[in-house]
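>>> quick one, what's the 3D model for this:
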Amino acid sequence: MFNVMIVDDEPLTCTFLSTMIPKLDSRWEVVATASDGKQALDLLASHCVDLVITDIKMPIMDGVKLCHHVYQNYPHIHLIILSGYGEFDYARQALNYNVFTYLLKPINNNELVNSLHQIAKKINKTTENNQSLKQLIGLSNLFKHEIAIKFLQAVIHNSYVKTQALLPLIYEHKMELLKEEGLIMIIAPAPHIINHTNYIKNQDLTNLLIYQLAKDSLKAQDCYVLLDEENRTLIYTTYTQDTSVSKLCEYLLRPIAKEFKLSTNYDLVAYIGDSVSELLAIDHAYSTGVTCMFNAVSTNTNQNTPLYFYPSQKLCIDTNRLNTEVSNYIYAVKSSDLISIKHARSSFDSYPDSISLYLFYLLKNSLENRDDFLPTSLNIICLFNTYEALHLTNAGTSSDDSIIESAKEYIHKNYSAPISLSIIAEHLSISPSYLSNLFHDTVGVSYIKYLTELRLNEALILLRHKKNMTIEQITLAVGYLSVKHFSYVFKKEYGMTPGQYRKSSQDATIELLK
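Just a heads-up that it's a prediction; the model follows:
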């Protein structure tokens, strides 16, 4: 149904049109009548109207002024003007206000019904176009969301090929997945439940339930819900410096945990890794979250809050040392160096058996064909024997120094492109975890810190000496996806925005020339 308002100071005209319009076209209903333009505007505030039919000459506010107000405040409403002979020149003023047509009095029924048909057709067409546009926008947003999910999964799983394939789409669609800081939350049952027999038996079903609850609970939130390769539910979200991370994580976890508790009577918690300010460093946010989870499980930690942050002060295991020693062992196996393998294995003698679950996932994630790693039991010796039985070898026998030099060379050549630790490790044919620990131990800073300092140093040079380059051009030249993110990282390091730095350097130059 379409709604029409009649505006005329002649009551007979209002009565005639109110009676005739529904008879001429049953799709139209007269919902209001008014005797002047001012009264009509008052009624429009409380009535949903598709068409206003108004007389041209009325007291208080005439038809032309009414059309002007409707055109400005209700642009979706169609207008028909009624006029007598000799009033057309005056009525012509209203044609500037998107008036559909004008009808002479006395009103001809054929002309009226033809106008009603055409306006109804026009409204239907507009409605169809709006619905189609909404569908296209919906499909476009869904497409972008799915691309973002697949990209995040590729990064956290160190999938070089998928990451490189999806990066151009992230650029093309200007998908700002990281504005300032980003983090990964791993949603899982409380530590004491993960080792429970019932949970282990129903792990796949439980993981599916958590994932579905997370998707349903967070569909309206500005975050991404995805699964890792172990079917654990991850939430990726971003935040700004003035955000309380604890409150944000608790806010996202609360509705999922509530529904899960009702369904299973189990408690859900969130394991949160390091925050990152580089998009391709999200794998670090994920891996530290996994470390946090397995350490909590190993120590069967009990705490009042459902949030476990990395690093936890309650952990009894030095995860940095453990990660380094696992990386050394993996490298020794892949190099087929029996002496180094024996030495690497001996370094685990001081660790409790409780690290075996964490160790299992570290070893498994270092393999290309992960399903091949099937130890008969989860004790440390069995894990090592099974891993070595796969006889993974790498042709690379480079010294640690040459590996780091090659990594630095790659970074310096490619810092302007989106690169990650996994991309460099793939290029050097070593595991990302081994490269990460080796880089930090050898260079003294993490890979991401080294890359960030290099990019910002190059940005300083361009800001000082390339005055013809815009901030946006410099942003892309030093490997950042957005000006906002680049400005955030720059200000975090130097205490001022790139624009402020450029101005201060120019002022300093002018001062020297005086």
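
>>> what segments of the protein are strands?
Under the criterion DSSP state E, the chain contains strands at 2-7, 28-34, 51-55, 78-83, 101-104, 181-189, 223-227, 233-239, 268-272, 307-309.

>>> just give me the longest helix of the protein.
helix 109-156 (DSSP state H).

>>> so which elements touch that helix?
Under the contact definition 3 or more C-beta pairs under 8 Å, 6 or more residues apart in numbering; DSSP states H and E, helix 109-156 sits against strand 2-7, helix 11-24, strand 78-83, strand 101-104, helix 160-172, strand 223-227, helix 282-299. C-betas here are computed from N, CA, C, even on glycine.

>>> closest one to Ile448 among these?
Relative to Ile448, the nearest member of the helices and strands packed on helix 109-156 by C-beta to C-beta is helix 282-299, separated by 6.9 Å.

>>> now the angle from the closest one to helix 160-172?
Angle between the axes of helix 282-299 and helix 160-172 is 120 degrees (criterion: axes from the mean of the first three to the mean of the last three C-alpha atoms, to 10 degrees).

>>> run the chain-centre distance for helix 282-299.
Distance, stretch centre to chain centre, for helix 282-299: 22 Å (C-alpha atoms, centre = their mean, to the nearest Å).

>>> got it, and stretch 146-161?
For stretch 146-161, the distance to the chain centre is 13 Å (C-alpha atoms, centre = their mean).

>>> put the alpha carbons of that stretch into CSV.
Coordinates of each C-alpha in stretch 146-161 appear next as CSV, following Å, rounded to 0.1, in the frame of the first residue of the first chain:
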residue,chain,number,x,y,z
GLU,A,146,35.4,-14.0,4.7
ILE,A,147,38.6,-12.7,3.1
ALA,A,148,39.7,-11.2,6.4
ILE,A,149,39.0,-14.6,8.2
LYS,A,150,41.1,-16.6,5.7
PHE,A,151,43.9,-14.0,5.8
LEU,A,152,44.1,-14.1,9.6
GLN,A,153,44.1,-17.9,9.5
ALA,A,154,46.9,-17.9,6.9
VAL,A,155,49.0,-15.5,9.1
ILE,A,156,48.6,-17.4,12.3
HIS,A,157,49.3,-20.8,10.6
ASN,A,158,52.4,-19.4,8.9
SER,A,159,51.0,-20.2,5.5
TYR,A,160,53.3,-18.3,3.2
VAL,A,161,51.4,-19.1,-0.1
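
>>> follow-up on the earlier one: okay, the strands of the chain in CSV with distance to Phe490, mean neighbour count and mean pLDDT next?
What follows is these, written out as CSV (distance: least, C-beta to C-beta, whole Å; neighbours: other C-beta atoms under 10 Å; pLDDT from 0 to 100):
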stretch, distance to Phe490, mean neighbour count, mean pLDDT
strand 2-7, 56, 22, 94
strand 28-34, 58, 19, 93
strand 51-55, 55, 25, 92
strand 78-83, 53, 23, 88
strand 101-104, 60, 16, 83
strand 181-189, 15, 23, 92
strand 223-227, 26, 19, 93
strand 233-239, 18, 22, 94
strand 268-272, 26, 25, 92
strand 307-309, 27, 20, 87
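
>>> save the ones you listed as a markdown table, and put in distance to Tyr488 too.
As requested, the strands of the chain are exported to a markdown table (distance: least, C-beta to C-beta, whole Å):
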| stretch | distance to Tyr488 |
| --- | --- |
| strand 2-7 | 50 |
| strand 28-34 | 53 |
| strand 51-55 | 51 |
| strand 78-83 | 49 |
| strand 101-104 | 56 |
| strand 181-189 | 8 |
| strand 223-227 | 19 |
| strand 233-239 | 11 |
| strand 268-272 | 20 |
| strand 307-309 | 22 |
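
>>> out of these, nearest to Ile149?
strand 223-227 (5.0 Å).

>>> residues making contact with the closest one?
145, 148-149, 152-153, 207, 211, 214-215, 218, 233-237, 252 (C-beta atoms under 8 Å, 6 or more residues apart in numbering).

>>> again with stretch 60-73
7, 36-41, 44, 52, 54-57, 77, 79, 81-82, 90-91, 93-94, 97-99.

>>> report the rounded mean pLDDT for that stretch.
The predicted model gives stretch 60-73 an average pLDDT of 87.

>>> export it as PDB, just CAs?
What follows is stretch 60-73, C-alpha atoms only, in PDB (Å, rounded to 0.1, in the frame of the first residue of the first chain):
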ATOM      1  CA  ILE A  60      -1.200  30.700   5.700                       C
ATOM      2  CA  MET A  61       1.200  28.600   3.500                       C
ATOM      3  CA  ASP A  62       0.600  28.100  -0.200                       C
ATOM      4  CA  GLY A  63       1.400  25.000  -2.300                       C
ATOM      5  CA  VAL A  64       4.700  26.400  -3.600                       C
ATOM      6  CA  LYS A  65       6.100  27.000  -0.100                       C
ATOM      7  CA  LEU A  66       4.800  23.600   1.000                       C
ATOM      8  CA  CYS A  67       6.600  21.900  -2.000                       C
ATOM      9  CA  HIS A  68       9.800  23.700  -1.000                       C
ATOM     10  CA  HIS A  69       9.700  22.400   2.600                       C
ATOM     11  CA  VAL A  70       8.800  18.900   1.500                       C
ATOM     12  CA  TYR A  71      11.600  18.900  -1.100                       C
ATOM     13  CA  GLN A  72      14.200  20.000   1.600                       C
ATOM     14  CA  ASN A  73      13.000  17.800   4.500                       C
END
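
>>> could you give me the buried positions within that stretch?
Within stretch 60-73, the residues that count as buried by 16 or more other C-beta atoms under 10 Å are Met61, Asp62, Gly63, Val64, Lys65, Leu66, Cys67, His68, His69, Val70, Tyr71.
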